[in-house]
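Trainee: Following is a predicted model, sequence given first.
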Amino acid sequence: MTIADAQKEVDDWAQTLKQPYWQPLSQLARLSEEVGELSRVYNHKYGDKIKKPTEEPDDMDGEMGDILFDLICMANTEGIDLESALLKVLNKAKTRDKDRFEKK
């Protein structure tokens, strides 16, 4: 599935709802919540925070999926082509930042 395919699939699903997308600030809050949940998973796996015995197993891929879904919703609301946006960032990394980091 391409990023464009994902954006279309999310929009096709969203358009079946009475309110396809939340208001922009609500979308941003939702994205922030999901990033916080991924942060918790990382803290359990790599940080000093010990999981409680009663907590569910961590779901890193699920949290990343939630973040991607929320980001796609935000992009669809704003009319942003995420594939194009990613290509711009990759180009920047390969040109402007090509000598910024130590190479192998």
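Mentor: That came through fine. Please read these numbers as outputs of a predicted model, since none were measured by experiment.
Trainee: Who are the contact partners of Arg40?
Mentor: By CB atoms under 8 Å, 6 or more residues apart in numbering, Arg40 lies in contact with Lys49. Using the backbone N, CA and C atoms, a C-beta is placed for each residue, glycine as well.
Trainee: Could you look up the SS state of it?
Mentor: helix (DSSP: H, G, I helix; E, B strand; the rest coil).
Trainee: Next one: it relative to Thr77, how far apart?
Mentor: Counting by CB to CB, to the nearest Å, the separation of Arg40 from Thr77 is 26 Å.
Trainee: Check Leu25 too.
Mentor: Leu25 is 11 Å from Thr77, by CB to CB.
Trainee: Please say which of those two ends up with more neighbours.
Mentor: Thr77 (16 against 8; other CB atoms under 10 Å).
Trainee: Dump stretch 69-76 to CSV, restricted to CA.
Mentor: Output of stretch 69-76 as CSV, limited to C-alpha atoms (Å, rounded to 0.1, in the frame of the first residue of the first chain):
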residue,chain,number,x,y,z
PHE,A,69,-3.7,6.9,11.2
ASP,A,70,-4.1,10.2,13.1
LEU,A,71,-1.4,11.9,11.0
ILE,A,72,-3.2,10.7,7.8
CYS,A,73,-6.5,12.2,9.2
MET,A,74,-4.8,15.5,9.8
ALA,A,75,-3.2,15.5,6.3
ASN,A,76,-6.5,14.7,4.7
